[in-house]
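Student: Sequence first, predicted model second:
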Amino acid sequence: MKLLTVTIPCYNSQEYMEKCIKSLLPGGSRVQIVIIDDGSKDATGEIADRYAAQYPDIVTVVHQPNGGHGEGINQGLKHAQGKYFKVVDSDDWVSGDFNRFLDTLEACEKSGGVDLFVTNYYYEHADGKGNRSICYSNALPEDRIFAWADTKPFKLHQLLTIHSCTFRTELLRNHTKELPKHVFYEDNLMVYQGLPYVRRMYYLNADLYRYYIGREGQSVQRDVMTRRYMHQIIVTQKCFEACHLDDIQDKKQRKYLKHELFMMFGISALYARLNKSAEADANLDKMWQECRKFDAKWANHFQNHTPVHLFCLPGKVGRNLSSSVYTLANKVVRFN
């Protein structure tokens with residue numbers, strides 16, 4: 001059995017996917033690379049097949065009709081042969097710390113294994129401005145296996161994302177539902193669904209994942225996210241319905257899940273208001289209604305007793321406030 005499976009969902013990725021693949025090959029026989037050709041119309045499939053032929057013990061290729069990024073992750077998990085599972089997008093790559101990461105992951109496995117292995121990720125902007133690391137050293141212990149009780153408060157911008165997380169494969173298979181097809185931002189759902197079942201963790205303070213920002217048409221660009229606000233709403237609602245917060249016994253684990261939901265509700269409300277349409281406002285209201293059906297207490301908390309409620313103010317007030325907050329936050333953090 002392999003130590004790690006890395007899934008690379010690809011759609012029309014011929015221009016950049018090889019950089020991603022080559023960054024993973026130094027992992028050698030410990031790694032399975034699963035390339036998902038998601039109905040690409042360019043040479044993505046041919047490039048993937050070439051690497052599979054050259055590295056038959058490392059690279060697996062799955063050709064499928066277009067199902068979106070989430071279906072790529074679904075298929076990667078189905079074909080995973082590794083004890084641990086990670087997703088790397090085809091326009092991103094991993095750093096030279098990859099073998100150090102594998103060595104540490106292997107040592108963890110020999111010590112009983114972990115449910116979640118966390119590393120930093122690093123924003124790589126196309127223009128070279130605002131590059132920075134998302135580091136967790138203030139919140140997570142280093143160089144040892146730990147539990148939620150050992151964690152400290154996360155800062156507002158610190159989220160456990162698909163870029164920073166490597167899960168035990170068995171945990172994802174046993175406790176998460178398939179991701180929806182043709183829905184963007186669904187990787188947040190994969191991570192959130194797994195977190196309630198995480199008990200043992202390890203944090204390696206290394207900028208392993210290089211997150212490329214600035215490709216034209218990228219899903220995190222403001223205009224794209226504003227058009228696709230409904231995708232964010234769908235994912236946020238599914239995350240909220242993944243578990244009842246009151247069922248989470250560990251107080252620090254519940255506090256982190258609240259932190260993540262707060263950010264997701266805020267992002268959903270923000271982009272719905274930036275859309276500036278009556279339809280978006282109605283869909284946002286519907287999201288809150290559906291969430292209240294699942295858990296009225298916590299839906300009311302997030303809508304009315306957190307700063308999220310400012311984005312939900314009616315008319316131009318809420319929309320203008322959303323635009324101002326977005327502009328300020330992007331200047332400080334530069335997330336796209």
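Tutor: Happy to help now that I have it.

Student: Now do the contacts for residue 291.
Tutor: 237, 240, 241, 298, 299, 302, 303 (Cβ atoms under 8 Å, 6 or more residues apart in numbering). (Glycine included, C-beta is placed from N, CA and C.)

Student: Just say helix, strand or coil for it.
Tutor: Assigned with DSSP: H, G, I helix; E, B strand; the rest coil, residue 291 falls in the helix class.

Student: any idea where the strands of the stretch 51-200 of the chain begin and end?
Tutor: Under the criterion DSSP state E, counting those that start in this stretch, the stretch 51-200 of the chain contains strands at 59-64, 82-87, 93-94, 116-125, 132-134, 165-168.

Student: right, and those - which one's nearest residue 151?
Tutor: Of all the strands of the stretch 51-200 of the chain, it is strand 116-125 that lies closest to residue 151, at 10.3 Å by Cβ to Cβ.

Student: Can you spell out which helices and strands pack onto the closest one?
Tutor: Applying 3 or more Cβ pairs under 8 Å, 6 or more residues apart in numbering; DSSP states H and E, we find strand 116-125 packed against helix 98-110, strand 132-134, strand 165-168, strand 201-213.

Student: looking at the ones you listed, which is closest to residue 88?
Tutor: Taking Cβ to Cβ, strand 201-213 is the member of the helices and strands packed on strand 116-125 nearest to residue 88, at 7.1 Å.

Student: Now the very next helix or strand once past that closest one: average pLDDT?
Tutor: Moving toward the C-terminus from strand 201-213, the next helix or strand (DSSP states H and E) is helix 222-227. Mean pLDDT, computed over helix 222-227, is 76.

Student: following helix 222-227, which helix or strand comes up?
Tutor: Following helix 222-227 toward the C-terminus (DSSP H and E): helix 229-240.

Student: From the contact counts, what lies against that next one?
Tutor: Judged by 3+ Cβ pairs under 8 Å, 6+ apart, helix 229-240 is in contact with helix 187-194, helix 251-274, helix 278-294.

Student: 10 Å instead?
Tutor: helix 187-194, helix 222-227, helix 251-274, helix 278-294, helix 296-304 (3 or more Cβ pairs under 10 Å, 6 or more residues apart in numbering; DSSP states H and E).

Student: and the angle for it with helix 296-304?
Tutor: Using axes from the mean of the first three to the mean of the last three Cα atoms, to 10 degrees, the direction of helix 229-240 lies 140 degrees away from that of helix 296-304.

Student: With just CA atoms, put helix 229-240 into CSV.
Tutor: Only the C-alpha atoms of helix 229-240 are listed here, as CSV (Å, rounded to 0.1, in the frame of the first residue of the first chain):
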residue,chain,number,x,y,z
TYR,A,229,-22.3,33.1,-5.8
MET,A,230,-24.8,30.3,-5.9
HIS,A,231,-22.1,27.7,-5.8
GLN,A,232,-20.8,29.2,-2.6
ILE,A,233,-24.3,29.2,-1.1
ILE,A,234,-24.7,25.5,-2.0
VAL,A,235,-21.4,24.5,-0.4
THR,A,236,-22.0,26.6,2.7
GLN,A,237,-25.4,25.1,3.3
LYS,A,238,-24.1,21.5,2.8
CYS,A,239,-21.3,22.3,5.3
PHE,A,240,-23.7,23.6,7.8
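
Student: what angle do that helix and helix 187-194 make?
Tutor: Using the same axes, to 10 degrees: helix 229-240 against helix 187-194 is 0 degrees.

Student: Now find how far off-centre helix 229-240 is within its chain.
Tutor: In terms of Cα atoms, centre = their mean, to the nearest Å, the centre of helix 229-240 is set 13 Å apart from its chain centre.

Student: ends of stretch 18-30, how far apart?
Tutor: Taking Cα to Cα, to the nearest Å, the first and last residues of stretch 18-30 lie 20 Å apart.

Student: again, but for stretch 37-53
Tutor: Using Cα to Cα, the distance between the terminal residues of stretch 37-53 is 15 Å.

Student: Could you report the neighbour count for the residue nearest to residue 125 when sequence neighbours are not counted?
Tutor: Once flanking residues are discounted, residue 125 sits nearest to residue 213: 5.0 Å by Cβ to Cβ, 6 or more residues apart in numbering. By the measure other Cβ atoms under 10 Å, the count of residues near residue 213 is 19.

Student: same question, the one 10 residues further on
Tutor: As a burial measure, residue 223 scores 10 neighbours (other Cβ under 10 Å).

Student: Same question for residue 79.
Tutor: Neighbourhood size, residue 79 [other Cβ under 10 Å]: 15.
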